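[1] Sequence and predicted structure are below.
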Amino acid sequence: MHVDADADLHDVFRILYDGDEWASDNDDEDAGDEQQLGEGVQTATSTEGSIHSRRYSKARFVTALDALVAPSSTPTVPAKRRIYAVPQPTSSVISSTAPLPADLNGKTYAPYSPLPLLARVRTFPPTFPSSLPGLSPMTLALAGWTYAHGGVVCASSSTCEKWGLGGLESLPSRSRDEVVRRLASSLPQRHTLECGWRTRASPATLPTQLRRLAHPLVTASLEPLAAALQARSIGPEPPRWACPVSASQLATLAAGLERYAAAVHGATLAIDPLAAALALFGWYPYDPVAPANHVAEQEHGHGHAQGHGHAAHTDIVACRLCLRRVGLWTFTATAASSDEERKFDVEGEHQ
Ligand SMILES: [Zn+2]
Ligand SMILES: [Zn+2]
């Protein structure tokens with residue numbers, strides 16, 4: 001009697017809940033289901049019945065529950081088979097120990113790429129008037145313009161005409177302001193209809209992206225730079241310097257970098273506040289004999305630095321973005337300088 005009642009209940013259960021799929025207690029089906037999930041391939045020929053069983057099988061419930069607890073550890077969404085391989089994401093930052101690429105692709109029409117923007121900005125000479133509102137080298141570079149042969153030329157298309165800012169200085173200031181305003185508002189229209197820059201210029205956020213890319217404010221990048229500066233550029237007679245970051249913040253930064261050096265390299269490193277400030281504002285030790293726009297990993301600590309020819313002491317620091325080079329000796333107390341209060345402004349010296 002007992003067994004019959006059980007069987008009856010089982011039948012009712014089957015009728016109500018489509019029992020064959022629901023009561024899939026056998027391990028084979030679950031294993032098969034999991035395998036199917038693992039492979040991540042959705043069969044195109046699934047009938048309505050098999051869709052049903054996939055939807056209500058125990059394996060799917062278990063997978064869904066697992067996904068709630070630990071989303072990353074389980075293949076919750078079966079990846080569909082793709083025709084094209086998904087490109088691997090490249091590193092989104094260039095650490096201080098990695099060089100900037102030599103070829104920045106300045107001529108490519110790539111309005112959303114930071115490195116081509118850097119290439120375009122770099123074509124403008126330091127003598128280029130940067131005080132004109134709306135016509136700074138960065139504004140022009142964002143609009144797809146570069147500097148060549150004494151004029152402003154399109155970065156990507158030879159059909160766009162060259163133009164220049166010659167003669168602006170000789171104009172009376174009121175009419176000059178008007179000319180500058182009109183020039184600044186016509187930057188897209190100066191490209192021809194075939195040129196991509198006319199349709200889409202670089203977004204205004206691209207300089208910030210470029211800074212984050214080439215000077216990431218993470219300890220893993222700042223620490224090797226600060227260590228190299230400490231070993232190579234902080235001499236017995238430090239320069240007078242100014243920094244917009246407060247002394248206590250710099251001390252915190254230096255302590256953090258020292259902790260990182262101890263944890264990662266096992267090195268006991270004393271980081272001077274000046275080394276921390278220089279690293280924070282993107283200054284690199286610059287050796288005219290072996291110029292490099294990055295610091296080598298082996299520049300950690302004084303002992304290691306002596307062994308390598310390229311890690312010689314240098315009083316010059318350089319920015320790898322704006323390429324400004326500064327001799328630290330010009331700011332020391334003994335330097336024969338007329339103005340006593342001249343300080344190395346770690347932020348303002350960038351050009
Ligand atoms: Zn153009
Ligand atoms: Zn700079």
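    Done, it's in. Numbers count the residues shown, from 1 in each chain. Ligands and ions are numbered 1, 2, ... in the order given.

[2] How about the residue of the stretch 101-250 of the chain found nearest ligand 2, nearest residue that isn't a chain neighbour?
    Residue of the stretch 101-250 of the chain nearest ligand 2, by CB to the ion: H215 (8.9 Å). (C-beta placed from N, C-alpha, C; glycine too.) For H215, ignoring the flanking residues on the chain, the nearest one in space by CB to CB, 6 or more residues apart in numbering is G282 at 4.5 Å.

[3] tell me, how many neighbours does the one you found end up with?
    The local packing of G282 (other CB atoms under 10 Å) involves 23 other residues.

[4] now D6
    D6, neighbours per other CB under 10 Å, totals 10.

[5] mind listing the strands in the stretch 201-350 of the chain by residue range?
    Under the criterion DSSP state E, counting those that start in this stretch, strands of the stretch 201-350 of the chain are mapped to 241-242, 283-285, 316-319, 325-327, 344-345.

[6] How about the last one and ligand 2, any contact?
    No. Judged by CB under 5 Å from the ion, strand 344-345 makes no contact with ligand 2; its nearest approach is 11.9 Å.

[7] Just name whatever secondary elements that strand is in contact with.
    Judged by 3 or more CB pairs under 8 Å, 6 or more residues apart in numbering; DSSP states H and E, strand 344-345 is in contact with strand 241-242.

[8] so how far is the strand it packs on off the chain centroid?
    Remark: strand 241-242 is offset 28 Å from the chain centroid, using CA atoms, centre = their mean, to the nearest Å.

[9] in its sheet, what does it sit against?
    Partners of strand 241-242 in the sheet, by DSSP bridges, are strand 344-345 (parallel).

[10] Any chance you could list what contacts the strand it pairs with?
    Identification of contacts with strand 344-345 by CB atoms under 8 Å, 6 or more residues apart in numbering yields P239, R240, W241, A242, C243, V326, L328, F331.

[11] try 7 Å
    For strand 344-345, the surrounding residues in contact (CB atoms under 7 Å, 6 or more residues apart in numbering) are P239, R240, W241, A242, V326, L328, F331.

[12] neighbours of the residue of the stretch 101-250 of the chain closest to ligand 2, just the number please.
    Neighbours around H215, by other CB under 10 Å: 21.

[13] list the contacts for L210?
    Neighbours of L210 in contact, by CB under 7 Å, 6+ apart: P114, L117, L118.

[14] Tell me the secondary structure at V153.
    Under the three-state scheme (DSSP: H, G, I helix; E, B strand; the rest coil), V153 adopts strand.

[15] thinking again about what came up before, out of the contacts of strand 344-345, which are buried?
    Buried members of these, scored by 16 or more other CB atoms under 10 Å, are P239, W241, V326, L328, F331.

[16] okay if I get those as JSON lines plus pLDDT and distance to L65?
    Compiled in JSON lines, those are given as follows (pLDDT from 0 to 100; distance: CB to CB, whole Å):
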{"residue": "P239", "pLDDT": "91", "distance to L65": "63"}
{"residue": "W241", "pLDDT": "93", "distance to L65": "59"}
{"residue": "V326", "pLDDT": "93", "distance to L65": "60"}
{"residue": "L328", "pLDDT": "91", "distance to L65": "62"}
{"residue": "F331", "pLDDT": "88", "distance to L65": "64"}
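
[17] Any chance of JSON lines for the contacts of strand 344-345, columns distance to A102?
    Output for the contacts of strand 344-345, formatted as JSON lines (distance: CB to CB, whole Å):
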{"residue": "P239", "distance to A102": "31"}
{"residue": "R240", "distance to A102": "35"}
{"residue": "W241", "distance to A102": "31"}
{"residue": "A242", "distance to A102": "34"}
{"residue": "V326", "distance to A102": "23"}
{"residue": "L328", "distance to A102": "27"}
{"residue": "F331", "distance to A102": "31"}
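
[18] Could you look up the SS state of P101?
    P101 - assigned by three-state DSSP - is coil.

[19] quick one, phi/psi of the residue nearest to it when sequence neighbours are not counted?
    Closest residue in space to P101, ignoring its immediate chain neighbours: L115 at 6.5 Å, by CB to CB, 6+ apart. Here is the backbone geometry of L115 (degrees, to the nearest 10): phi -70, psi -40.
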